[in-house]
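Colleague: What shape does this take:
(chains A and B)
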Number of protein chains: 2
Amino acid sequence: MERHFDEELRDLKEKLIRMSSIVEEMIEKSITALKIRDEVLMKQVFEKEKNVNMMQIEIDDTALKLIALRQPAASDLRFLVSAIKINADLERIGDLAVNIAERVQDLLKEPPLKPLIDIPRMAEISQKMVKDSIDSFINRNSALAREVCRRDDSVDNLNDQIFRELLTYMLQDAKNINRAIGLMLVARCLERIADHATNIGEDVYYIVEGKDIRHHIEDK
Amino acid sequence: MERHFDEELRDLKEKLIRMSSIVEEMIEKSITALKIRDEVLMKQVFEKEKNVNMMQIEIDDTALKLIALRQPAASDLRFLVSAIKINADLERIGDLAVNIAERVQDLLKEPPLKPLIDIPRMAEISQKMVKDSIDSFINRNSALAREVCRRDDSVDNLNDQIFRELLTYMLQDAKNINRAIGLMLVARCLERIADHATNIGEDVYYIVEGKDIRHHIEDK
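Modeller: You can find the predicted model right below:
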């Protein structure tokens, strides 16, 4: 009753999609918790962490077993090894969402510093980048992968903008410093999430097109 | 004239060791540049980045070819896949050293905020963690790998301490804010470098002992 290799691959892909939706949800909840000041949402992020960790181990094992038992051809092998690398990126994205929730925990102890516009926007872009990077992997869509990498610039720009704005709050009043730093760190976590999505996009571009854009795209 | 598998493995290990020494050197130079305010050292960090990027591609290709052509047994397979993951960690450590050098570039435009003690200490520990994590991988030394993971706590503590100290500088005088944030970001880069070394340590523990400490060690 041996399963087909295709079926096993499909199973692995589904697991990765599930893992991705969990971490996307974690990003969304951590930022909404900050925006609407909701502790319940914030706690849900902490609760998801174990889930993600268990899934990472499961996906790694599945991929390794497939490589060992099936001895796949070059392109499938590249796909499976990439799955393991992408899996590690997703797990760290989950960690970063937890880091955001930790900052939110502190930020909710004080009144809001300012209405939040740019941070939720940055979160939305980053979350979409994660989703699209995984979609590009599953569907071997190199155009989408490249598109994800390009969006990284807008996240970096938003981060700089947020940084500068928060700096003015700090200069205005020393009482703002703590909260401004908290928000800066949230923005940096989002920036790092976008970096991980970009890593995934670069990997996908490489396995689909056989060309490495990892170290060129930045030059543009 | 086929080469022995052992020989090819040794070659891969040597490449990883070389890659690791380059990124260790980048960490060291970026922090020394900050400490003794030396622009030449700082620029050397930027120059090394291309090197690291080329090495990453080379190591990835070597490991993938070994998996594809040699169809290695389970434990060798695990080793080769880990080499690819560790390679990605080393590349990001190189990126982080470049990030530090970018901060240093800004910091050197202003007079020093304070004498630096803790940041160089943090750099020293992180750099040693990188070195030891690679040594633990090459020699399949799970005790050393675990030891690396444990040291992550002292880096986190140093980071918190630095953070709090810099906060007092910011509260004292708004003119300090810019430089204090610059130093905070340097410390955070070092913290992330230590995180990558810890990831490597966790991977090594897993491939040597077959037990996963990734998501337990943190609980202790």
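Colleague: Quick one, grab the pLDDT at the residue nearest to A:Asn199 when sequence neighbours are not counted.
Modeller: For A:Asn199, ignoring the flanking residues on the chain, the nearest one in space by Cβ to Cβ, 6 or more residues apart in numbering or on different chains is A:Asp89 at 5.6 Å. Every residue, glycine included, has its C-beta placed from N, CA and C. The predicted local distance difference test score for A:Asp89 is 95.
Colleague: With A:Lys65 instead?
Modeller: 89.
Colleague: Where does it sit: helix, strand or coil?
Modeller: Local secondary structure at A:Lys65 is given as helix here, using DSSP: H, G, I helix; E, B strand; the rest coil.
Colleague: try the one 10 residues further on
Modeller: Three states are possible here, and by three-state DSSP the one that applies to A:Ser75 is helix.
Colleague: how close does it sit to chain B?
Modeller: When Cβ to the nearest Cβ, to the nearest Å is applied, the distance between A:Ser75 and chain B equals 10 Å.
Colleague: Contact partners for that residue?
Modeller: With contacts defined as Cβ atoms under 8 Å, 6 or more residues apart in numbering or on different chains, the neighbours of A:Ser75 are A:Ile207.
Colleague: now with 6 Å?
Modeller: A:Ser75 sits next to no residue when contact means Cβ atoms under 6 Å, 6 or more residues apart in numbering or on different chains.
Colleague: and if you look at A:Ser30?
Modeller: Residues counted as contacts of A:Ser30 (Cβ under 6 Å, 6+ apart) are A:Val45, A:Ala97, A:Ile100, A:Ala101.
Colleague: related to what we said a few turns ago, tell me which element the residue nearest to A:Asn199 falls in.
Modeller: In this structure, A:Asp89 is located in helix A:74-107 according to DSSP states H and E.
Colleague: Tell me what angle that helix forms with helix B:74-107.
Modeller: With axes from the mean of the first three to the mean of the last three Cα atoms, to 10 degrees defining the directions, helix A:74-107 sits at 50 degrees from helix B:74-107.
Colleague: just how off-centre is helix A:74-107 within its chain?
Modeller: 6 Å (Cα atoms, centre = their mean, to the nearest Å).
Colleague: Would you map the helices across chain A?
Modeller: According to DSSP state H, chain A carries its helices in the segments A:5-36, A:39-70, A:74-107, A:118-138, A:142-172, A:177-209.
Colleague: possible to save the ones you listed as TSV with distance to B:Asn139?
Modeller: What follows is those, written out as TSV (distance: least, Cβ to Cβ, whole Å):
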stretch	distance to B:Asn139
helix A:5-36	32
helix A:39-70	22
helix A:74-107	23
helix A:118-138	34
helix A:142-172	37
helix A:177-209	28
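Colleague: Please name whichever of these is nearest to B:Val148.
Modeller: Distances from B:Val148 to each of the helices of chain A were compared by Cβ to Cβ, and the smallest falls on helix A:74-107, at 17.3 Å.
Colleague: how far off helix B:177-209 does the closest one point, in degrees?
Modeller: If you take the same axes, to 10 degrees, helix A:74-107 sits at 130 degrees to helix B:177-209.
Colleague: Quick check: mean pLDDT of stretch A:121-137?
Modeller: For stretch A:121-137, the mean confidence score works out to 98.
Colleague: Show me which positions of it end up buried.
Modeller: Within stretch A:121-137, the residues that count as buried by 16 or more other Cβ atoms under 10 Å in any protein chain shown are A:121-123, A:125-137.
Colleague: If we check chain B, which of those residues are in contact?
Modeller: Among these, none lies close to chain B by the criterion of Cβ under 6 Å from any Cβ of the partner chain.
Colleague: Return the residues of chain A in contact with chain B.
Modeller: For chain A, the residues in contact with chain B under the definition Cβ under 6 Å from any Cβ are A:53, A:57, A:68, A:71, A:74, A:77, A:81, A:84, A:170-171, A:174, A:177, A:212, A:215.
Colleague: rerun that using 7 Å as the cut-off
Modeller: Applying Cβ under 7 Å from any Cβ of the partner chain, one finds that chain A approaches chain B through A:53, A:57, A:64, A:67-68, A:71, A:74, A:77-78, A:81, A:84-85, A:88, A:167, A:170-171, A:174, A:177, A:212, A:214-215.
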